[in-house]
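1. Generate coordinates for the sequence data below:
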Amino acid sequence: MKKLRILFLLLLVSELSAQTYPVILPEKKRAEVIDDILEDRMTNLLPKLMRKEGIDMWIIISREYNEDPVMKTMLPSVWLSARRRTIFVFFDNGQAVERLAIARYDVGNLLKGEWDLNTYPDQWDALVKTIAQKKPKKIGLDFSKNYGHADGLTYTEHGELMKKLPEAEKAKVVSAENLAVGWLETRTEKEVVLYEMLGKISHSIIDEAFSEKVIQPGVTTTDDVVWWLRQKVTDLGLETWFHPTVDVQRFDPENFDHLRTFSKKPDKQVIIPGDLLHCDFGISYLRLNTDHQQLAYVLKPDEKEIPAYLTGAMKEGNRLQEILTENFKTGMSGNQILANALAQSKKENINGTIYTHPIGLHGHAAGPTIGMWDNQGKTIGPGDYPLLPNTAYSIELNAATRIEEWKKTIRIMLEENGYFDGQSFRYIDGRQKAILKIPR
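-> Coordinates of the predicted model:
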């Protein structure tokens, strides 16, 4: 009987420590998915974007290990970097977009190699020959004042190209900024389906990190949880695009400070009962990225539930999310959305700070900037960019609430990923509405 009890307890502990995660594909299957999505994007999305911007030739140039951010998203799954100098040429002939590489070989099944080394020993001459044959009206190059994502053409490559281009062709050169941003920000139907899985994986990891499976109050530090998150991501065969953070708000003299959360917070704090924990965490998987901030509370020995003053503060944070996304309207700029949301939150007596950004092929992705943590006014350039359909966003913000029991103001810092279809906004895998309890 005693042995049976021990066995039962071992099984129970094993069950409690297990965490079920959504399916994570093996590498070969991931490659198949990535290439399928890329083919779909190039066949169905790229022609629409080029015609919308009136650019009939888009040239993207990179050298190995110094890839244009756009080119990096266009490489086949088995190309982990550009090779020597890699040149992509997309030409809209009116019927379809031709996909060419000024290279001595094809780029996977995506772009056809167009460089005959015997005829044109110089790669630039081969490019100029292709331009002359296609006779484009506008040549888009990746240079941009507003977006690093769209500014991938280096000084050297730009200079080399301009030296070779005839004057008539130079006059056709324009910035491909909006075309590059459109390529990066637009999510296809296939990607949206995948994003649901990424959201579930991210939420599952946070759920386990903020539980008694990981945290022993009085022993575990915030830094321990940070490195648990990093290790879990590695163990699952995934990557993270930034180092996670875990921080604490509690009944102490320390007030919230944005700069402190980024660079001046203590390296580690021992987590104790009564702490309000906050994490900032995201993963990279199948060339998409997530970005989440969630909250947990460590129950005191005499507590069964989270204190009402914290659940009330959480409701204000959730309401601020709703105010922001209710103002999502196609064609409205990020600056306009921010101003409208802040005005509404002020009417509802919510002390909010909004710093929302697009998400997708990059974590801090291209598209409309909707506020910055250190600027709640207009963001010139990215803030003027319009909200467009079929785009994804990291709804990042905080609501400041005075907690009399703690004699201080705390911030309910939230971040969840969602999708805008042009008519309405929805969260990818939902959003946090209740503070997680430790222990459950």
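2. show me where the stretch 251-400 of the chain has helices.
-> Using DSSP state H, counting those that start in this stretch, the helices of the stretch 251-400 of the chain run over 258-259, 308-326, 334-347.
3. what residue is smack in the middle of the protein?
-> In the chain, the centroid-proximal residue (CA atoms, centre = their mean) is residue 363; its distance is 2.5 Å.
4. ok, it to residue 206 distance?
-> 16 Å (CB to CB, to the nearest Å). Using the backbone N, CA and C atoms, a C-beta is placed for each residue, glycine as well.
5. any residues touching the helix or strand residue 34 falls within, and which ones?
-> For residue 34, the host element (DSSP states H and E) is helix 27-40. With contact meaning CB atoms under 8 Å, 6 or more residues apart in numbering, helix 27-40 is reached by 25, 74, 76-78, 108-110, 188, 190-191, 194, 237, 286-287.
6. swap the cut-off to 6 Å and go again
-> Here helix 27-40 makes contact (CB atoms under 6 Å, 6 or more residues apart in numbering) with 76-77, 188, 190, 286-287.
7. Run a quick neighbour tally on residue 31.
-> Other residues near residue 31 number 15, with proximity taken as other CB atoms under 10 Å.
8. got the contact list for residue 88?
-> 60, 101.
9. Make sure it is indeed in a strand.
-> Yes. Remark: residue 88 belongs to a strand, assigned using DSSP: H, G, I helix; E, B strand; the rest coil.
10. What ranges does the stretch 201-350 of the chain have for its strands?
-> In the stretch 201-350 of the chain, the strands defined using DSSP state E, counting those that start in this stretch lie at 245-249, 276-281, 284-285, 288-289, 292-298.
11. can you redo those as a markdown table with mean neighbour count?
-> Listed next are the strands of the stretch 201-350 of the chain as a markdown table, based on neighbours: other CB atoms under 10 Å:
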| stretch | mean neighbour count |
| --- | --- |
| strand 245-249 | 21 |
| strand 276-281 | 24 |
| strand 284-285 | 20 |
| strand 288-289 | 25 |
| strand 292-298 | 23 |
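12. To residue 89, which of these lies closest?
-> Taking CB to CB, strand 288-289 is the member of the strands of the stretch 201-350 of the chain nearest to residue 89, at 26.5 Å.
13. Would you give the sheet partners of the closest one, along with the direction of each?
-> If you go by DSSP bridges, strand 288-289 pairs up with strand 284-285 (antiparallel).
14. now the strand it pairs with: mean pLDDT?
-> Averaging pLDDT along strand 284-285 gives 97.
15. ditto for stretch 299-318
-> Average pLDDT, stretch 299-318: 97.
16. cool, and stretch 341-358?
-> The pLDDT scores in stretch 341-358 average 98.
17. Please identify the buried residues of it?
-> 341-342, 344-345, 350, 352-358 (16 or more other CB atoms under 10 Å).
18. which two from the residues you listed end up farthest apart in space?
-> So, the buried residues of stretch 341-358 by CB to CB: farthest apart are 350 and 358, at 23.8 Å.
19. Mark which of the contacts of helix 27-40 are buried, thanks.
-> 76-77, 286-287.
20. centre of the chain versus the longest helix belonging to the chain, how much separation?
-> Using DSSP state H to define each element, the chain has its longest helix at helix 189-209. Distance of helix 189-209 from its chain centroid, counting by CA atoms, centre = their mean, to the nearest Å, is 12 Å.
21. so what secondary structure elements neighbour that helix?
-> helix 222-235 (3 or more CB pairs under 6 Å, 6 or more residues apart in numbering; DSSP states H and E).
22. Other residues contacting the helix it packs on?
-> Helix 222-235 is contacted from outside by 205, 209, 214, 240, 244, 246, 268-269, 281, 283, using CB under 6 Å, 6+ apart.
23. Which member of these is positioned nearest residue 379?
-> Ranked by distance to residue 379 (CB to CB), the contacts of helix 222-235 are led by residue 281 at 24.9 Å.
24. Tell me who's in contact with the residue nearest to that closest one when sequence neighbours are not counted.
-> Here the nearest residue to residue 281 in space, its sequence neighbours aside, is residue 244; by CB to CB, 6 or more residues apart in numbering that works out to 4.4 Å. Residues near residue 244 by CB under 6 Å, 6+ apart: 226, 229, 281.
25. Tell me the one among these nearest to residue 61.
-> Of the contacts of residue 244, the one sitting nearest to residue 61 (CB to CB) turns out to be residue 281, at 35.2 Å.
26. So the closest one versus residue 65, what's the distance?
-> Going from residue 281 to residue 65 by CB to CB gives 28 Å.
27. returning to what we had before: want to try CSV for the contacts of residue 244, with pLDDT and distance to residue 129 as columns?
-> Conversion of the contacts of residue 244 to CSV gives the following (pLDDT from 0 to 100; distance: CB to CB, whole Å):
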residue, pLDDT, distance to residue 129
226, 98, 54
229, 98, 52
281, 98, 49
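28. now those residues in JSON lines, with distance to residue 334?
-> Listed next are the contacts of residue 244 as JSON lines, based on distance: CB to CB, whole Å:
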{"residue": "226", "distance to residue 334": "31"}
{"residue": "229", "distance to residue 334": "30"}
{"residue": "281", "distance to residue 334": "24"}
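29. between those residues, which is nearest residue 275?
-> Closest approach between the contacts of residue 244 and residue 275, by CB to CB: residue 226, at 15.0 Å.
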